[in-house]
Structure formats: C-alpha cells, structure tokens
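Undergrad: Got a predicted structure plus its sequence, pasted below:
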Amino acid sequence: MVVRVGTVVKIGIVDLISSRPDSMTRRVFAEAVRGASGRLGWAIPDLPFADPTPVEWAETAVNQDDSLGGIELSCFGIDPLGSPDAVDWAALAAMDGLIISGSEPTASDIADEPCLAIIDRLMRECAGSSLLFSCQSAHAALYLLHGVRRHRLARRQHGVFDHRVHTSGLLDLEMGTGTAYSGPEAVLTDGLATPVRVPHSRWNVMASADLRAAGLTVLLDSEEAEWQLAIGPAGLRQVFIQGHPEYLPDTMAREYRRDLRRWIADPSLPFPQIPVDYFPAEAHEQIVALTELVRISRDPAVLDDLVLPEDHTRVAHDWSTYSRVFFANWLAAVRDRRGIATESAFGMTSSDPEALSA
C-alpha cells in the first residue's frame, strides 16, 4: 500500500541562471508546478515570491483540496560558476523533488562547462530526491552519468516542435493504442498522445541516437528537434528534458526580443531567426516587417512594437496542456515515492518491489 492521501510534497526549483528571487526562470517553473497542482486537484502552492498577476490556468483549476495532496514550493539560487561548498546542500537534500534549470553555456565542449561541478555534487548530495534536469543541466548530468556529448547547432533551435510518444522498446503510443507499461515510462507519459508540442530554445543538442546508444530510454522524440524527455537506469530518480514545456505563452517572444537587442548592440552576432511555429499566422507578417526594420535601422525603440502573447490562445501552437500533464505526472510520481519511503520508515513493505528503485 502506498501512502498518497494528504501527502505534502516538497519541491525545490534550482535556479542556475539568476540570483534574483523573482527571476523569470523561477517564475516559469513555479507556474508549471502550480498549473500541475491544479490539474491534480491539489491545493495550489503560493509562489515563493510576490506576484499579483493571475495566470490563465488558475481560472480552470477546480476541486483543489488539501486532503488530496499539496506542494511545499521552494526556490534555490545557485551560481553555476561558484564553489559547490557555498551551497546549502542540506536544504536541497530535504526536498522530495528538485527541478534543476539550465544555465548559460560558457564552453564549446560540455566536458569543459564549469556547471559540471555543481551538477555532480547535486547528484551525490540529493540522491534520495527525484531530480528533473532541464536544458543544459540535463546535458551536464547526461555527460557525467553516461558520457553523452553535445553538438553545436548551425543555427539556434527556437520554436515549437511536434514530438512522438515512445515507451520501452520504442513502441509508439498513438491515441491510446499500444502496449501498456507500469514502469516510469508509463508514469511520465500517462495521458499523452502523439503529437506532443514542446518549445525548444538552444544552440546545443544531444542527439536521440546518442542517448539510446548510451542505454537511455527516449520517451518524447522529434525529427526536427531531437528528444525532449528521457530517463536512464535510475528511472524516476533522474529525469531529463531537453526542451522547455515550462515556458509561459510570452517567454519565447521575450527571448526573441532579447536576442534582437543583443544583435543591435553587437551586429557581429548571428541575426536572430523568428521562432518556428510560435507566432500565429495573423501576426507573422507584422513580425517579419518588424524584424526587417530592426535589421535596417538598428533602433531598439522598434522592439517596443513587438507584441507579447497574453495567453496560449495567442500563439500558433498551444503546448500548455502537455506541460500540465507532464508536470502533474512527475509530481504524482514524486508523491508516490514519498509515500513509499514513509511506509518503509515505519517498517511497512511496498506492494511494488521495484517502486523504490523507480
């Protein structure tokens, strides 16, 4: 028997990008957790920072009940270039699950990234938690654990891409068909059907074929953008995502505006490309015209006219449903692992002999 009812799950967001307590990195992951809590019917946790702005899913989340479960949400800012000895590892190890953000690449080879020291120490100090690695932290962990190397892309992977859902044996699941599994593959992909849309935003990639060759299981894969979701032999203890399901509807527009500003300040940089399948068709002409005006005038004031999508109805391809389903699946799995650990502490025996290793 697994203890589930009323369990409070401690989730930590590890921000390797910014030291600001209300950074965009913390905000997008916090909102992803809150949206997933609403989907599960759990009490929605407060933001770990002040924010008077409601988000779109808050109006549709129903049956929020403390007795069903809840989240205690914390944020941890860590300098990826700093000393691992400066980190409060005891506070991190107390979390049931950790979401580890990416960080800015500083080296051409993943083996030379300074963040490896932090990721390596984190995996050792927090081995009892479920670790969800995102973007560059996923690349760092995959290199350290399995020796997978990353490759520099000729142009930035920036946009919303379709993915296929896979399970063990690389059997596709389409519209509920396929073989049923009870392992972490089924837990993380429950409720998903091809195609799954996910934003990607990166200059570097680890190829799906390289992950499979290293013995990992790719659960979401894309012909255009490579893998999005993968697990290794440790199962739910180490989960890897290469894309950004946590993005808010305006995140990529803000990134694009930031990249255009960087190009204005330094035209030797590659000129930013419009995110793929992100801006809706009716806005595309305006975006193209604005982009050309930036190229010609190099006037940052032009960027004030770049409209930021207010919600997921204002983007070309909505990924919010996948985001809520995926993070809800992961949170429920973390809750169940905590329940199993609680039973074990009281001398009980789980009905699932493989649950503790999942």
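TA: Looks like it arrived, so ask away.

Undergrad: what about Gly69, distance to Val334?
TA: Counting by CB to CB, to the nearest Å, the gap from Gly69 to Val334 is 10 Å. C-beta coordinates here come from the backbone N, C-alpha and C atoms, glycine included.

Undergrad: Can you check which residues contact both of the two?
TA: Residues touching both Gly69 and Val334 by CB atoms under 8 Å, 6 or more residues apart in numbering: Val9.

Undergrad: Give me the contacts around stretch 155-165.
TA: With contact meaning CB under 8 Å, 6+ apart, stretch 155-165 is reached by 172-174, 189, 192-203, 205, 219-222, 224-225, 228, 243, 252, 255-256, 270, 272-273, 275-278, 315-317, 319.

Undergrad: Next, the buried residues of that stretch.
TA: By 16 or more other CB atoms under 10 Å, the buried positions in stretch 155-165 come out as Arg156, Gln157, His158, Gly159, Val160, Phe161, Asp162, His163, Arg164, Val165.

Undergrad: What segments of the stretch 51-200 of the chain are strands?
TA: In the stretch 51-200 of the chain, the strands defined using DSSP state E, counting those that start in this stretch lie at 65-77, 97-100, 130-134, 151-165, 196-205.

Undergrad: got JSON lines for those, with mean pLDDT and distance to Leu290 too?
TA: Below are the strands of the stretch 51-200 of the chain laid out as JSON lines (pLDDT from 0 to 100; distance: least, CB to CB, whole Å):
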{"stretch": "strand 65-77", "mean pLDDT": "80", "distance to Leu290": "34"}
{"stretch": "strand 97-100", "mean pLDDT": "98", "distance to Leu290": "34"}
{"stretch": "strand 130-134", "mean pLDDT": "98", "distance to Leu290": "30"}
{"stretch": "strand 151-165", "mean pLDDT": "95", "distance to Leu290": "16"}
{"stretch": "strand 196-205", "mean pLDDT": "97", "distance to Leu290": "20"}
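
Undergrad: Serialize those strands to TSV and add fields for distance to Val9.
TA: Output for those, formatted as TSV (distance: least, CB to CB, whole Å):
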stretch	distance to Val9
strand 65-77	6
strand 97-100	7
strand 130-134	10
strand 151-165	25
strand 196-205	24
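
Undergrad: sec struct for the closest residue to Arg298 other than its chain neighbours, please.
TA: Nearest residue to Arg298, sequence neighbours excluded (CB to CB, 6 or more residues apart in numbering): Ile264, at 5.1 Å. Classification of Ile264 by DSSP: H, G, I helix; E, B strand; the rest coil places it in helix.

Undergrad: burial count for Ile264?
TA: 17 (other CB atoms under 10 Å).

Undergrad: Contacts only, for it.
TA: Val294, Arg298, Asp299, Pro300.

Undergrad: Take those residues and keep only those in strands.
TA: Among the contacts of Ile264, none falls in strands (DSSP state E).

Undergrad: Looking at those residues, spot the one nearest Ser74.
TA: Pro300 (36.5 Å; CB to CB).

Undergrad: Give me the nearest residue to that closest one, chain neighbours excluded.
TA: Of all residues not flanking Pro300 in the chain, Ile264 sits nearest, at 5.4 Å (CB to CB, 6+ apart).

Undergrad: follow-up on the earlier one: between the strands of the stretch 51-200 of the chain, which gets nearest to Asn329?
TA: With CB to CB as the criterion, Asn329 lies closest to strand 130-134 of the strands of the stretch 51-200 of the chain, at 11.1 Å.

Undergrad: buried stuff in that closest one?
TA: So for strand 130-134, counting by 16+ other CB under 10 Å, buried means Ser130, Leu131, Leu132, Phe133, Ser134.
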